[in-house]
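Visitor: Got a predicted model here, sequence first, then my questions.
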Amino acid sequence: MRNVLAIAWRDIRSVFVSPIAYVVLTGFVLLGGWFFFNMLGQFNRTLAMYSGIQGYDTTWMNLNDAVVSPLLHNLSIVLLIVVPMTTMRSFAEERSNTTYELLFTSPVRVTEIVLGKFLAGVTLVTMMIGMTLIFPGILWVYGNPEMGLIVSGYLGLYLLAIAYVSVGNFTSALTSNQIIAAMSSLVILLLLLVISWPAESAGPTVKAVLVHLSAVDHFNTMARGVIDTRDLVYFATFTATFLFLTHRAVESARWK
Amino acid sequence: MIEVKSLTKAYGSFAAVKDISFTVATGQACGFLGPNGAGKTTTMRVITGYMPATSGTVAVDDFDVFEQSFEVRRRIGYLPETPPLYLEMRVDKYLSHVAKLKGVARSALAGARERVIEACGLDEVATRLCGHLSKGYRQRVGLAQALIHDPAVLVLDEPTVGLDPAQIIEIRELIRGLATERTVVLSTHILPEVAEICQKVVIINTGRIVLESDIESLTAAGSLEDEYLKAVSGEQPSRSVDAHTTVPVRSTDA
């Protein structure tokens, strides 16, 4: 555990002593703020417009459907692009430096290295998502959104981001080139996003498999306010699988 | 003590090291010589457990580097060809980080750090970023990280490269001091360095050992330069060294 924390702590520090963390956090919150501002504005205009119509029932309109849910979906797409950029360094940089030799000649297990790198990645996405909590906070202060839905949606987004980190770590462990690492994890994540597209025209079994594999479908369920154990199990197995693959990738690289 | 037995290491179909064997006794400093690409770095990487051997075994203080890798790693300090620095870290923080990885107890950590900072002459740069250091200081930080857990065995890949003459003398003194109770293997291209620091020399060429001898009997026969050139050009040493020494001479030709 001490080794895991030492490795994670070093990685986190290295991100914060360079401009990386500040650029990533600012950019993420800036984009989130832009989405939030515009969706809220749109909601206000629509609400004002419909309220002007006498006898029109506006109770179907709510903050959750109009603001929170689309905000989370947009953030999930931004994360899809940003997480590979933050995780691409994790193994690739150490491999292109000689620090890989330091790690692998120290009494540290591969599992500890993988978990340390993963923990550092998770810490950064925790900060990124944590900072966007200001948006539901504003809604909570000035409106009355349904908190349960926000909690479940945010949990979904967080689990999704953690899963992204595990993929980013995996591709980074395969190469010493950071751009190859980032591009490969972007491709894997995008494919997983759209893997359910052929589901409509497929047979029932294939359809069920494709829909189950698609990360975004599980996130959708949670963004709608449903915390289903199936989705939790999906994210847990997804992350565990990629952590295992990372472990194998790191181990096998030493034998070449 | 380091025991290398019929070690072969191949990268794909290319064998970088072919069936080499040698031993370095405790308290002995062994100079590892050879032209570029001879297999010195590869051999050192196998000894330190960084990469597994294709065949053959390596034992450090009677622990097998593959089977009991952690026992070996705790006992070895390794300075790779390029010092393994995190350029965005401060020297003192970097050394603390390495100490944690090497398993130095929390209570002993500050002491260990101060000890190597002093030993390697890093007081002035302790709070500077590794990335801002000159080549010579980076080399010293690299040596400091290899010493931080007070290892019984030191493997140094060209430890004096990039240092100025005064620093070279200091670092040689330091290594010679360390070698009194430790086992040291160091590779270098500077032949007088071997004569100064080491009691034993192993010359490797195209992946094979061409000469293994103790330094006294070797220099008694002629200059180290001549012996080296003979060994790497494939000629036999000028005479059998066996008669003068307890160390068996192996001159498997290249």
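Guide: Yep, that arrived.

Visitor: What about whichever residue of the stretch 51-200 of chain B sits closest to chain A, how many residues nearby?
Guide: Of all residues in the stretch 51-200 of chain B, B:P84 sits closest to chain A, at 3.7 Å by Cβ to the nearest Cβ. From N, CA and C alone the C-beta is placed, and that goes for glycine too. Using other Cβ atoms under 10 Å in any protein chain shown, the number of residues around B:P84 comes to 24.

Visitor: check which helix or strand covers B:V98.
Guide: Element membership for B:V98 (DSSP states H and E) is helix B:91-101.

Visitor: C-terminal to that helix, which secondary structure element comes first?
Guide: Later in the chain than helix B:91-101, the nearest helix or strand by DSSP H and E is helix B:106-119.

Visitor: In that following helix, which residues are buried?
Guide: For helix B:106-119, the neighbour count (16 or more other Cβ atoms under 10 Å in any protein chain shown) marks B:A112, B:R113, B:R115, B:V116, B:I117 as buried.

Visitor: Tell me the pLDDT of residue 57.
Guide: Using chain A here. At A:D57, the predicted lDDT confidence score is 78.

Visitor: looking at chain B here, not the other one
Guide: 92.

Visitor: Identify the residues contacting the helix or strand it falls within?
Guide: Assigned by DSSP H and E, B:T57 belongs to strand B:55-60. The contact list for strand B:55-60, computed with Cβ atoms under 8 Å, 6 or more residues apart in numbering or on different chains, reads B:1-8, B:19-21, B:46-47, B:64-66, B:72, B:75-76, B:153.

Visitor: repeat for stretch A:119-135
Guide: Applying Cβ under 8 Å, 6+ apart, the contact partners of stretch A:119-135 are A:4-5, A:7-9, A:11-12, A:15, A:21, A:24-25, A:28-29, A:32-33, A:36, A:71, A:75, A:79, A:82-83, A:86-87, A:90, A:154, A:157-158, A:161-162, A:164-165, A:168-169.

Visitor: What residues does the stretch 101-250 of chain A have near chain B?
Guide: Contacts of the stretch 101-250 of chain A with chain B, taken as Cβ under 8 Å from any Cβ of the partner chain, map to A:E101, A:L102, A:L103, A:F104, A:T105, A:S106, A:P107, A:V108.

Visitor: just these now: which is nearest A:T246?
Guide: Closest approach between these and A:T246, by Cβ to Cβ: A:L103, at 14.0 Å.

Visitor: Not counting residues beside it along the chain, what's closest to the residue in the stretch 151-256 of chain A that chain B sits nearest to?
Guide: Residue of the stretch 151-256 of chain A nearest chain B, by Cβ to the nearest Cβ: A:R254 (5.7 Å). Nearest non-adjacent residue to A:R254, counting by Cβ to Cβ, 6 or more residues apart in numbering or on different chains: B:M51, 5.7 Å away.

Visitor: from what I can see the one you found touches B:R45, true?
Guide: Yes - in terms of Cβ atoms under 8 Å, B:M51 counts as a neighbour of B:R45; the distance is 5.0 Å.

Visitor: so where's chain A uncertain?
Guide: Chain A contains residues with pLDDT under 70 at A:256.

Visitor: Any idea how far whichever helix in it runs longest is from the middle of the chain?
Guide: In chain A, assigned by DSSP state H, the helix with the most residues is helix A:20-52. Distance of helix A:20-52 from its chain centroid, counting by Cα atoms, centre = their mean, to the nearest Å, is 19 Å.

Visitor: how about the helix or strand A:T246 falls within: buried residues?
Guide: Element membership of A:T246, judged by DSSP H and E, is helix A:229-253. By neighbour count on 16+ other Cβ under 10 Å, the buried set for helix A:229-253 is A:231, A:234-235, A:238-239, A:242-243, A:245-247, A:249-250, A:253.

Visitor: ok, and the closest non-adjacent residue to the residue of the stretch 51-200 of chain B closest to chain A?
Guide: Using Cβ to Cβ, 6+ apart and skipping residues adjacent in sequence, the residue nearest B:P84 is A:L102, 3.7 Å away.

Visitor: residues touching residue 102, list them.
Guide: Just so you know, I chose chain A. Residues counted as contacts of A:L102 (Cβ under 8 Å, 6+ apart) are B:Y78, B:P80, B:P84, B:V98, B:L101, B:Q145.

Visitor: actually chain B
Guide: Contacts of B:K102 (Cβ under 8 Å, 6+ apart): A:S106, A:P107, B:R74, B:I148, B:H149.

Visitor: Closest to A:T46 out of these?
Guide: A:S106 (59.4 Å).

Visitor: Let me know whether the closest one touches B:K100 as I believe.
Guide: No - look at A:S106 against B:K100 with Cβ under 8 Å: they stay out of range, at 9.2 Å.

Visitor: Between the two, point out the one with more neighbours.
Guide: Neighbours were counted for A:S106 and for B:K100 using other Cβ under 10 Å; A:S106 has more, 26 against 22.

Visitor: related to what we said a few turns ago, who has more neighbours out of B:M51 and B:R45?
Guide: B:R45 (25 against 18).

Visitor: and the strand or helix carrying the more buried one, average pLDDT?
Guide: Per DSSP H and E, B:R45 falls inside helix B:40-47. Helix B:40-47 comes out with an average pLDDT of 92.

Visitor: and residue 149, helix, strand or coil?
Guide: Going with chain A. Three-state assignment for A:L149 (DSSP: H, G, I helix; E, B strand; the rest coil): helix.

Visitor: actually chain B
Guide: Classification of B:H149 by three-state DSSP places it in coil.

Visitor: I'd like to know how many residues surround it.
Guide: Residues near B:H149, counting by other Cβ under 10 Å, number 23.

Visitor: Quick check, it in contact with B:G111.
Guide: No - in this structure B:H149 lies outside contact range of B:G111 using Cβ under 8 Å: 11.8 Å.

Visitor: Chain A contacts on the stretch 51-200 of chain B?
Guide: Counting by Cβ under 8 Å from any Cβ, the residues of the stretch 51-200 of chain B lying close to chain A are B:51-52, B:70, B:73-74, B:76, B:78, B:80-86, B:88-89, B:93, B:97-98, B:100-103, B:145.

Visitor: For PyMOL, write the select line for the buried members of those.
Guide: A single PyMOL command selects the buried members of those (16+ other Cβ under 10 Å):
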select buried, chain B and resi 51+73+74+76+78+80+81+82+83+84+85+86+88+89+93+97+98+100+101+102+145
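
Visitor: if we can go back for a sec, tell me which residues of the longest helix of chain A are tucked away?
Guide: Residues of helix A:20-52 classed as buried by neighbour count (16+ other Cβ under 10 Å): A:20-21, A:24-25, A:28-29, A:31-32, A:35-36, A:39-40, A:43.

Visitor: Next secondary structure after that helix?
Guide: Going down the chain from helix A:20-52, the next helix or strand is helix A:63, by DSSP H and E.

Visitor: gap between that following helix and the chain center?
Guide: Chain-centre distance of helix A:63: 23 Å, with Cα atoms, centre = their mean.

Visitor: next helix or strand past it?
Guide: Downstream of helix A:63, the next assigned helix or strand under DSSP H and E is helix A:69-87.

Visitor: could you check whether that next one is close to chain B?
Guide: No - using Cβ under 8 Å from any Cβ, helix A:69-87 stays clear of chain B, with a minimum separation of 15.4 Å.

Visitor: hey, C-alpha coordinates of that helix in CSV?
Guide: Extracted as CSV, the C-alpha positions of helix A:69-87 are listed here (Å, rounded to 0.1, in the frame of the first residue of the first chain):
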residue,chain,number,x,y,z
SER,A,69,-29.0,15.4,-17.9
PRO,A,70,-27.7,17.1,-21.1
LEU,A,71,-24.9,18.7,-19.1
LEU,A,72,-23.7,15.3,-17.8
HIS,A,73,-23.9,13.8,-21.3
ASN,A,74,-21.8,16.6,-22.7
LEU,A,75,-19.3,16.3,-19.9
SER,A,76,-19.1,12.5,-20.6
ILE,A,77,-18.0,13.3,-24.2
VAL,A,78,-15.5,15.9,-23.0
LEU,A,79,-14.1,13.3,-20.5
LEU,A,80,-13.8,10.9,-23.4
ILE,A,81,-11.3,13.2,-25.0
VAL,A,82,-9.6,14.7,-21.9
VAL,A,83,-9.0,11.5,-19.9
PRO,A,84,-6.8,9.9,-22.6
MET,A,85,-4.7,13.1,-22.7
THR,A,86,-4.2,13.0,-18.9
THR,A,87,-3.4,9.2,-18.8
